[in-house]
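Student: Predicted model follows, preceded by the sequence.
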Amino acid sequence: MDKLVINGGKPLFGSIEINGAKNAAVAILPAAILASKNVCNIDNIPNIEDVHCLERIIESLGCKIEVGKNSVVIDSTTINNVNANTEDVRKMRASYYLIGALLGRFKKARVELPGGCPIGVRPIDQHIKGFEALGAKVDITHGCVVVEADRLIGTNIFFDVVSVGATINVMLAATLAEGVTTLENVAKEPHIVDVANFLNSMGANIKGAGTDVIRVVGVKELQGCSYSVIPDQIEAGTYMIAAASCGGEVRLENIIPKHLESISAKLIESGTEIIEDGDCITVKSNGKLKGVNIKTQPYPGFPTDVQQPMSTLLTVAKGRSIISESIWESRFKHVDELKKMGANIKVEGRTAIIDGVDKLTGAVVKATDLRAGAAMVIAGLIADGVTEVLSIEHIDRGYPNIEDKFKALGADIKRVSCSE
Ligand code: EPZ
């Protein structure tokens, strides 16, 4: 086990490149299973544990995989197993995309119920509603989701809640269904559009991704393609927040500024300067910020996935800030860790009330989940003295080379073995 040791209090200066989007990549890899001809050549894949986990799972189904530094070639013509039940499947949330992809291509699948970050109840009822509407029989038995259909037939599906996972999963199954599937009240996150673009490159006929309604005209077969994953909105947002919190001037390259508007807006409101320039953003801050109120919402609202890093920034922003977490019921587990560093935060249900303090002080803290881990790293970067962040396997699931990127910006941060 490793930990991150951070000697905080230094401003950040320099530029870093943002990697491909985790939450797009973890849907695109299973989507590649839908190709019954040719290989998928996928680029801008982030080098993170969730991606490696999925690569192993897909290989265990009989696909041939060649992994490059930031790319992967998937040959799914050799797939011979629709039963995904390895330890890796249980470890991660996105393994549920195997259900939609396998159901679409083979009309059956048996996939262990997914794991993922402990951020609240994570039902999949909307995924199941969609599969059933397409004509599949769905059972949950012995911890597995078992789906089977004689035929998948396009239909109208109105989701009861806006769900990223259900939108993508049902879209995957619908690509090879007979006729037209209309998905309403869908999620509009950038990675929904990216997955739809990937599927269209494979020969699917999907329109409307990025709006409330997606229309999928079923096609007979899909084939491999070459594709590059979009930049990671959440990784970029995390580094923007770190730069604003620490002070300094940081340029982020390979991003899509449009995807970051809700984060930029809140940073500007807090007193940060944001300069957009093509596919780059520069964040300038003197580290003296003021409190802002935040409500997490589906895209284009403020993303829940940067709520935890943003709450770290607000611990040292002047005045009172109120955060309402409207997506996940339990996404404030990092608050107790921030309190160890001197933060003044009160959590009431899904609301956190933060009264800014002059400074945080270094402590031994842990990453309770992926984005909580990023929040604790930022806390360590702004704190006086030394912070040790434990349980960083959570961080490695979603942030490529986090310590190298912060080091490149001048931070004093190193990864050491917990036994040292
Ligand atoms: C995706 O999770 C992301 N994960 C999450 O990012 C992100 O927080 C979330 O979308 C919201 O943006 C991946 O893409 C792998 P949802 P997902 O279905 O798809 C309720 C990270 O940090 N719901 O959009 O699981 C659910 O309880 C991770 O990278 C149902 O009620 O989220 C939640 O309140 C953490 N029934 C809301 O919808 C369902 O069938 C949104 O969930 C599905 C969801």
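Tutor: Arrived safely. Numbering: from 1, shown residues only.

Student: any low-confidence regions in this structure?
Tutor: The model of the chain has pLDDT under 70 over residues 115-120, 420.

Student: How is the protein divided into domains?
Tutor: Recorded structural domains for the chain (assignment: automatic domain parsing) are 2-18+231-417, 22-228.

Student: Now do the shortest one: distance to the chain's middle.
Tutor: In other words, domain 2-18+231-417. 15 Å (C-alpha atoms, centre = their mean, to the nearest Å).

Student: Residues of the stretch 101-250 of the chain that sit close to the ligand?
Tutor: Contact residues (C-beta under 6 Å from any ligand atom) of the stretch 101-250 of the chain with the ligand: 117, 119, 121-127, 161, 163-166, 187. Yep, even glycine has a C-beta here, placed from its N, CA and C like the rest.

Student: Of those, select the buried ones using a PyMOL command.
Tutor: To isolate the buried ones among those in PyMOL, judged by 16 or more other C-beta atoms under 10 Å, type:
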select buried, resi 117+119+122+124+126+127+163+164+165+166+187
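
Student: Residue of the chain closest to the ligand, please.
Tutor: Residue nearest to the ligand within the chain (C-beta to the nearest ligand atom): residue 165, separated by 2.8 Å.

Student: Quick check: that residue touching residue 123?
Tutor: No: applying C-beta atoms under 8 Å as the test, residue 165 and residue 123 come out as separate, 9.9 Å apart.

Student: and the nearest residue to residue 24 once chain neighbours are set aside, backbone torsions?
Tutor: In space, and not counting its chain neighbours, residue 24 is closest to residue 191: 3.8 Å by C-beta to C-beta, 6 or more residues apart in numbering. With angles defined as degrees, to the nearest 10, residue 191 sits at phi -70, psi -20.

Student: now do the one 10 residues further on
Tutor: Here the main-chain torsion angles of residue 201 (degrees, to the nearest 10) amount to phi -70, psi -20.

Student: For it, give me its contacts.
Tutor: Residue 201 is in contact with 225-227, counting by C-beta atoms under 8 Å, 6 or more residues apart in numbering.

Student: hmm, 10 Å instead?
Tutor: 40, 222-227 (C-beta atoms under 10 Å, 6 or more residues apart in numbering).

Student: same check, this time on residue 310
Tutor: Taking C-beta under 10 Å, 6+ apart as the test, what residue 310 contacts is 237-238, 240-241, 244-245, 263, 266-267, 270, 292, 294, 296, 302-303, 317, 321, 323, 354, 371, 375, 378.

Student: So which residues on the stretch 301-420 of the chain come close to the ligand?
Tutor: 304-305, 327-328, 370-371, 398.

Student: circling back to that earlier point, give me the subset of the contacts of residue 310 lying in helices.
Tutor: 237-238, 240-241, 244-245, 263, 266-267, 371, 375, 378 (DSSP state H).

Student: Can you tell me the centre-most residue of this protein?
Tutor: residue 23 (3.9 Å; C-alpha atoms, centre = their mean).

Student: Skipping its backbone neighbours, what lies nearest that one in space?
Tutor: Per C-beta to C-beta, 6+ apart, closest to residue 23 is residue 191, 4.7 Å.
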